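Enquirer: Okay, structure incoming, though there's no sequence with it:
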């Protein structure tokens, strides 16, 4: 188990615990229990992958006023309510997910890009493995 802390300009941007696991082929990859828990919660039908609809629903749950936009304030409020990490960690994740860098996630415009980034084999299914690998990239 490894504790990773990222500092940018003297501020802690992300601190999370990672486990290293072997892929069986000699490669070691980082694992995140937090990402696995988030994935299981989002996988409503328990079929071991996230459809585009399930993925989109995660962001819709962050949209407190149901206007189709997730502001940084809405994101951080939900982030803290779900105990996903510190405000600083949440802001770090939000700024990476915010494709056009306007501090607003537009569900219909930006979520497709985010989904395809998580779905790195482009099969329209985000597996737990894909989610964890990509989550570790943005959360560390």
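Expert: Great, that's in hand. Keep in mind the model is a prediction, meaning the values are calculated, not measured. Numbers count the residues shown, from 1 in each chain.
Enquirer: Could I get the full set of helices for this structure?
Expert: 33-42, 52-62, 72-81, 87-97, 107-118, 128-139 (DSSP state H).
Enquirer: Format the ones you listed as a markdown table; extra columns: mean neighbour count and mean pLDDT.
Expert: For the C-beta atoms, the positions are set from N, CA and C on the backbone; glycine is no exception. Below are these laid out as a markdown table (neighbours: other C-beta atoms under 10 Å; pLDDT from 0 to 100):
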| stretch | mean neighbour count | mean pLDDT |
| --- | --- | --- |
| helix 33-42 | 16 | 91 |
| helix 52-62 | 16 | 94 |
| helix 72-81 | 17 | 93 |
| helix 87-97 | 18 | 91 |
| helix 107-118 | 16 | 93 |
| helix 128-139 | 18 | 89 |
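Enquirer: Model confidence score at the nearest residue to residue 106 once chain neighbours are set aside, please.
Expert: Setting aside the residues directly before and after it, residue 106 is nearest to residue 69 in space (C-beta to C-beta, 6 or more residues apart in numbering), at 5.8 Å. Listed pLDDT for residue 69 reads 96.
Enquirer: dump the residue contacts of residue 69.
Expert: 63, 104, 105, 106, 107 (C-beta atoms under 8 Å, 6 or more residues apart in numbering).
Enquirer: Most neighbours of all those, which one?
Expert: Neighbour tally across the contacts of residue 69 (other C-beta atoms under 10 Å): the maximum, 24 neighbours, falls on residue 105.
Enquirer: ok, the nearest residue in space to that residue that is not next to it in sequence to residue 140 distance?
Expert: Counting by C-beta to C-beta, 6+ apart, residue 70 is the residue found nearest to residue 105 once chain neighbours are left out, at 4.1 Å. Per C-beta to C-beta, to the nearest Å, residue 70 is found 22 Å from residue 140.
Enquirer: do residue 133 as well
Expert: 12 Å.
Enquirer: Looks like residue 84 contacts residue 90 (just checking).
Expert: Yes - using C-beta atoms under 8 Å, residue 84 and residue 90 qualify as a contacting pair, with a distance of 6.5 Å.
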